[in-house]
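Engineer: Dropping the sequence and predicted coords here.
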Amino acid sequence: VTQNIFAAALPMLVAQILNLLYNIVDRIYIARIPHIGTAALGAVGLCFPLVVIITAFANLFGSGGAPLFSISRGQKRNKQAVHIMNTSFTMVCFSAVVLMLIGLLFARPLLILFGASKDALVYAFPYMMIYLIGTLPSMIAIGMNPFINAQGYSTIGMFSVAIGAVANLLLDPFFIFALGFGVRGAAIATVISQCLSASFVLFFLTKKAELKVRFLHKNELSESFGYAKNIISLGTAGFIMQLTNGLVSIVCNNVLSVTGGDIYISVMTIVSSVRQLVETPIYAMNEGGSPILSYNYGARRPARVRKAMVVMSAMILCYTAVMWSVIDEIKNKAKANKKTVVLPETTDMRTLTAAAEVISEEIADIILVGKEDEIKAKAEAEGLDLAKASFVDPENCDHLNTYIESLCEARKSKGLLPEDAKEIL
């Protein structure tokens with residue numbers, strides 16, 4: 001059992017990490033679009049709840065149907081297993097079309113609900129409209145991949161994700177920079193990549209797999225209601241968790257939009273990427289072990305089911321313990337090798353709040369550019385402790401030109417000019 005779980009989980013882990021990396025690289029490319037990178041990154045972050053909702057519906061039918069599919073295979077009821085897979089496939093496709101139409105019709109009010117400002121809408125709206133076109137291939141790739149893994153083809157399942165990930169990595173710079181499409185280019189690259197993944201999944205499940213998928217026929221619909229009910233029942237727990245995650249993102253973006261504007265949403269987008277990088281292996285272990293649990297449950301092998309649960313729990317606990325240690329070690333290394341961070345724009349309370357947080361954690365030395373008395377007065381009024389910060393007044397500083405050059409170099413990708421840098425300082 002342990003060997004089977006590792007054999008299934010490792011390809012899934014590679015696939016999930018590749019999938020996550022192409023999302024992160026996607027955001028890195030967007031952030032480096034000249035002059036509009038930060039605003040564009042925040043705009044893409046506003047579309048994140050939409051991605052979560054689409055993924056939640058795909059997993060509702062895919063992750064809800066795949067365990068039932070495996071149970072039926074374990075019971076040697078292959079005809080029933082195929083019927084369950086066909087029911088899931090039909091539900092995935094139907095819901096994808098419905099979600100796409102709703103999204104295309106109400107894209108602008110949805111983005112405003114997600115926390116988009118007028119400036120962010122300029123980039124978020126075209127990105128969302130193009131992304132929605134790929135709803136069907138996206139949901140097929142996500143929702144039907146578990147049925148490949150459930151038949152024991154975990155490496156093929158990995159390739160289905162890897163194809164889309166590699167394609168997106170190659171297409172992103174081409175559409176964003178070479179063709180000059182900007183944010184639209186990122187969305188186009190994503191849709192093409194999803195189409196490639198979905199095509200591979202469908203090709204394998206219709207031509208190569210042991211149990212092949214197709215749409216339900218009309219005369220099968222009445223018999224499928226019972227299966228559909230069980231699929232939704234089993235997938236609801238994960239669906240609600242993902243949907244709640246999307247709702248949290250919506251509320252968070254709205255609060256950030258009010259308190260800090262588009263720049264805060266951009267920062268949250270980066271933080272979410274890091275969090276996903278840490279969480280991804282847990283999902284891979286879960287997806288890798290699920291078919292084994294379900295198959296042995298259907299085959300009435302309770303001892304193997306219990307052993308699989310213990311092995312999966314141990315793997316996840318060990319991983320989380322290691323990650324906590326890594327995070328703590330990173331923080332300790334930052335404290336031991338303090339860097340000096342120079343912060344301009346000290347008239348902005350967000351800068352002072354960030355400075356106070358870094359000082360309290362003792363992970364860097366802070367130099368604030370501006371008039372010391374004014375900065376301290378503003379910080380004290382907000383209850384911020386900047387006692388350990390250093391201050392540089394640009395009007396009485398011999399190194400102003402050096403600071404201007406450094407700031408222009410740091411924001412070269414944004415097209416910052418020397419006169420603008422001087423104004424900021």
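Structural biologist: Alright, I've got the coordinates. Numbering: from 1, shown residues only.

Engineer: Just say helix, strand or coil for the residue lying closest to Glu345 once chain neighbours are set aside.
Structural biologist: Distances taken as C-beta to C-beta, 6 or more residues apart in numbering put Thr351 closest to Glu345, at 5.2 Å, once the chain neighbours are dropped. Quick note: C-beta positions are derived from backbone N, CA and C, even for glycine. Here Thr351 is helix, with the state taken from DSSP: H, G, I helix; E, B strand; the rest coil.

Engineer: Verify the contact between Thr351 and Val342 for me.
Structural biologist: No: between Thr351 and Val342 there is no contact under C-beta atoms under 8 Å: 11.1 Å.

Engineer: Flag every buried residue along stretch 252-263.
Structural biologist: 252-254, 256-257, 260-262 (16 or more other C-beta atoms under 10 Å).

Engineer: what about dumping the CA coordinates of that stretch to CSV?
Structural biologist: The C-alpha atoms that make up stretch 252-263 are tabulated as CSV, following Å, rounded to 0.1, in the frame of the first residue of the first chain:
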residue,chain,number,x,y,z
CYS,A,252,-9.9,40.3,1.3
ASN,A,253,-9.5,42.1,-2.1
ASN,A,254,-12.4,44.4,-1.2
VAL,A,255,-10.8,45.3,2.1
LEU,A,256,-7.4,45.7,0.5
SER,A,257,-8.8,47.9,-2.3
VAL,A,258,-10.3,50.3,0.3
THR,A,259,-7.3,50.4,2.7
GLY,A,260,-4.4,50.3,0.3
GLY,A,261,-5.6,50.4,-3.3
ASP,A,262,-4.4,48.3,-6.2
ILE,A,263,-0.8,48.0,-4.8
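
Engineer: Need the contact partners of that stretch.
Structural biologist: Identification of contacts with stretch 252-263 by C-beta atoms under 8 Å, 6 or more residues apart in numbering yields 38-39, 42-43, 45-46, 49, 114-117, 119-120, 264-265, 268, 350.

Engineer: Can you give the distance of the lengthiest helix in the chain from its chain's centre?
Structural biologist: Assignment by DSSP state H gives helix 221-259 as the longest helix of the chain. Centroid separation between helix 221-259 and its chain, computed with C-alpha atoms, centre = their mean, to the nearest Å, is 16 Å.

Engineer: Give me the buried stretch members for it, please.
Structural biologist: Applying 16+ other C-beta under 10 Å to helix 221-259 flags 224, 227-228, 230-231, 234-235, 238-239, 242-243, 245-246, 249-250, 252-254, 256-257 as buried.

Engineer: Just the buried ones among the contacts of stretch 252-263, please.
Structural biologist: Buried among the contacts of stretch 252-263 by 16+ other C-beta under 10 Å: 38-39, 42-43, 45-46, 49, 114-117, 120, 264-265, 268.

Engineer: Quick one: low-confidence residue ranges for the protein.
Structural biologist: 1, 19, 22, 260, 412-414, 425 (pLDDT under 70).

Engineer: Ile112 should be in a strand, yeah?
Structural biologist: No: with three-state DSSP as the criterion, Ile112 is helix rather than part of a strand.

Engineer: So what's the residue count around it?
Structural biologist: Neighbours of Ile112 under the rule other C-beta atoms under 10 Å: 16.

Engineer: Distance check, it against Ile84.
Structural biologist: 40 Å (C-beta to C-beta, to the nearest Å).

Engineer: Lys307 now?
Structural biologist: Distance from Lys307 to Ile84, by C-beta to C-beta: 25 Å.

Engineer: again with Ser290
Structural biologist: For Ser290 relative to Ile84 (C-beta to C-beta), the value is 15 Å.

Engineer: Specify which residue of the two has the higher count of neighbours.
Structural biologist: Shown here are Ser290 and Ile84; by other C-beta under 10 Å, Ile84 has more neighbours (28 against 23).

Engineer: residue contacts, that one?
Structural biologist: 65, 68-69, 72, 227, 231.

Engineer: which of these sit farthest apart?
Structural biologist: Using C-beta to C-beta, those span at most 12.0 Å, a distance reached by Ser72 and Ile231.

Engineer: Could I get the full set of strands for the chain?
Structural biologist: 339-343, 364-369, 390-392 (DSSP state E).

Engineer: Just name the most buried of these.
Structural biologist: Looking across those with neighbours counted as mean count of other C-beta atoms under 10 Å, the highest average goes to strand 364-369: a mean of 19.

Engineer: Would you report the backbone torsion angles of Asp398?
Structural biologist: phi -80, psi -10 (degrees, to the nearest 10).

Engineer: Same question for Ala299.
Structural biologist: Torsion angles, degrees, to the nearest 10, at Ala299: phi -80, psi 0.

Engineer: Same check on Glu382?
Structural biologist: phi -100, psi 0.

Engineer: That one and Asp348: what is the separation?
Structural biologist: In terms of C-beta to C-beta, Glu382 sits 12 Å off from Asp348.

Engineer: So if I had to pick from the two, which one is more boxed in?
Structural biologist: Set Glu382 next to Asp348 and count neighbours by other C-beta under 10 Å: Asp348 wins out with 14 against 10.

Engineer: what's the more buried one sitting at in phi/psi?
Structural biologist: Dihedral angles (degrees, to the nearest 10) for Asp348: phi -90, psi 120.

Engineer: Let me see the contact set for it.
Structural biologist: Contacts for Asp348 (C-beta under 8 Å, 6+ apart) come out as none.

Engineer: Ok, Pro49 next?
Structural biologist: Counted by C-beta under 8 Å, 6+ apart, Pro49 has contacts 114, 246-247, 249-250, 253.

Engineer: what about 7 Å?
Structural biologist: Counting by C-beta atoms under 7 Å, 6 or more residues apart in numbering, Pro49 makes contact with 114, 246, 249-250.

Engineer: from those residues, which two are the most distant?
Structural biologist: Every pair of the contacts of Pro49 checked by C-beta to C-beta; the farthest is Phe114 and Gly246, at 9.4 Å.

Engineer: CSV please, covering the strands of the chain and showing distance to Arg77.
Structural biologist: Formatted as CSV, the strands of the chain follow (distance: least, C-beta to C-beta, whole Å):
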stretch, distance to Arg77
strand 339-343, 62
strand 364-369, 61
strand 390-392, 72
